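A.B. asks: I'd like to go over a predicted model; first the sequence, then the structure.
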Amino acid sequence: MNCVNLSTTCSIFNQASRSNLLHPLKAPAFPLISPRPARPISCSSPKLRLSVSAILTKEEEATAEDREGRPPFNFKEYMLEKANSVNAALDSSVLLRPPLKIHEAMRYSLLAGGKRVRPVLCIAACEVVGGQESMAMPSACAVEMIHTMSLIHDDLPCMDNDDLRRGKPTNHKVFGEDVAVLAGDALLAYAFEHIAVETKGVSPTRIVRAIFELARSIGAEGLVAGQVVDISSEGIADVGLEQLEFIHIHKTAALLEASVVLGAIMGGGSNEEVEKLRSFARCIGLLFQVVDDILDVTKSSQELGKTAGKDLVADKVTYPKLMGIEKSRELAKKLNKDAREQLSGFDIAKAAPLIALADYIAYRQN
């Protein structure tokens, strides 16, 4: 088993601009946003102190006020409100029209439920820099369309060959492999069209930059790169921690990062704010996968809403396999701490949803 130094694990994110191996997004090839007058952002402490009601378990609800007398942030209420907004926007974005079969297949997976973590992250990042939900909603929907595409394709027999997703039969089990492939392709293409056509109240420069960021996060240096290395690593005994990080920073973290970065861009964030939120997102992106690996070996298929233990059956390398369950949990705790530290300097109340989302990702049960 590999010896893991948890104190340096998240330092890879600070080296992102110098390392293409550990982070899919190179130094921006697209021009940065012109500086705008800085808003006064301050924090009395280098670390945010806020009472957050993250959904850790059903019993853990915040009841006390924080030290400065602010009411606790109700994360459950926030997630329900934002998820309902996202679901309504998704429902109206992909309508049933000829040819019916492809649109039925797109809607089947897009509207199948899910936690909507990526679109909510997009909206929360927009709001923390002073933007409005409406400015980020088309991007939030686009990110969820691309995420859904990745799930449809990931479940195919030629990939993970899975029969269950979000508690329902996978797309290819309902519509056939051919239509499932095309449904994923259609969602991918439509995501970019949706941003370009539906985004209102945002400058064309920011819209183009957001499209660039999203495209880069899912291509041959992003999600696709992680998927390819993941497939080629199956059954190999000597896969190390560095290669595992490469897989998950590309396959999982890249789209989570894009979600946050798109929201910050659409919300009018300065370059400094966008980059701080990018660093936050890198940490929670890897955190998401570490927790996913833990849940895969500690929860049942019924609890997860998808097939449990499939990584073990496929002989895939995972964090528990390399580090053990307890070390993986320690790593998750550290990544959550590092993510929260990236939010120092933002308005505490506006940052509350992002803090809560990091906690939710760290302590989720499915």
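C.D. replies: Sure thing, it's come through. Here the structure is a predicted model, which is why all the values come from computation and not from measurement.
A.B. asks: can you map out the helices along the stretch 51-200 of the chain?
C.D. replies: For the stretch 51-200 of the chain, applying DSSP state H, counting those that start in this stretch gives helices covering 75-93, 100-110, 117-128, 133-154, 171-175, 177-198.
A.B. asks: how about the contacts made by Lys173?
C.D. replies: Residues in contact with Lys173 (CB atoms under 8 Å, 6 or more residues apart in numbering) are Asp163. All C-beta atoms are positioned from the backbone trio N, CA, C, and that covers glycine.
A.B. asks: quick one: it and Val94, what's the gap?
C.D. replies: Using CB to CB, to the nearest Å, Lys173 is found at 20 Å from Val94.
A.B. asks: how about CSV for the helices of the stretch 51-200 of the chain, with mean pLDDT and distance to Asp230 added?
C.D. replies: Shown next, in CSV, are the helices of the stretch 51-200 of the chain (pLDDT from 0 to 100; distance: least, CB to CB, whole Å):
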stretch, mean pLDDT, distance to Asp230
helix 75-93, 96, 27
helix 100-110, 98, 21
helix 117-128, 97, 19
helix 133-154, 97, 10
helix 171-175, 97, 19
helix 177-198, 98, 17
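A.B. asks: tell me which of those sits nearest to Ile247.
C.D. replies: helix 133-154 (13.1 Å; CB to CB).
A.B. asks: could you export that closest one as CSV, CA atoms only?
C.D. replies: Only the C-alpha atoms of helix 133-154 are listed here, as CSV (Å, rounded to 0.1, in the frame of the first residue of the first chain):
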residue,chain,number,x,y,z
GLU,A,133,-29.2,33.4,-10.3
SER,A,134,-30.7,34.2,-13.8
MET,A,135,-27.2,35.1,-15.1
ALA,A,136,-25.8,31.7,-14.3
MET,A,137,-28.9,29.5,-14.9
PRO,A,138,-28.2,28.7,-18.6
SER,A,139,-24.6,27.7,-17.7
ALA,A,140,-25.9,25.7,-14.7
CYS,A,141,-28.2,23.8,-17.1
ALA,A,142,-25.4,23.3,-19.6
VAL,A,143,-23.1,21.8,-17.0
GLU,A,144,-25.9,19.3,-16.0
MET,A,145,-26.5,18.4,-19.6
ILE,A,146,-22.8,17.6,-20.0
HIS,A,147,-22.8,15.7,-16.7
THR,A,148,-25.8,13.7,-17.8
MET,A,149,-24.1,12.9,-21.2
SER,A,150,-21.1,11.6,-19.3
LEU,A,151,-23.3,9.3,-17.2
ILE,A,152,-25.2,7.9,-20.2
HIS,A,153,-21.9,7.1,-22.0
ASP,A,154,-20.2,5.9,-18.8
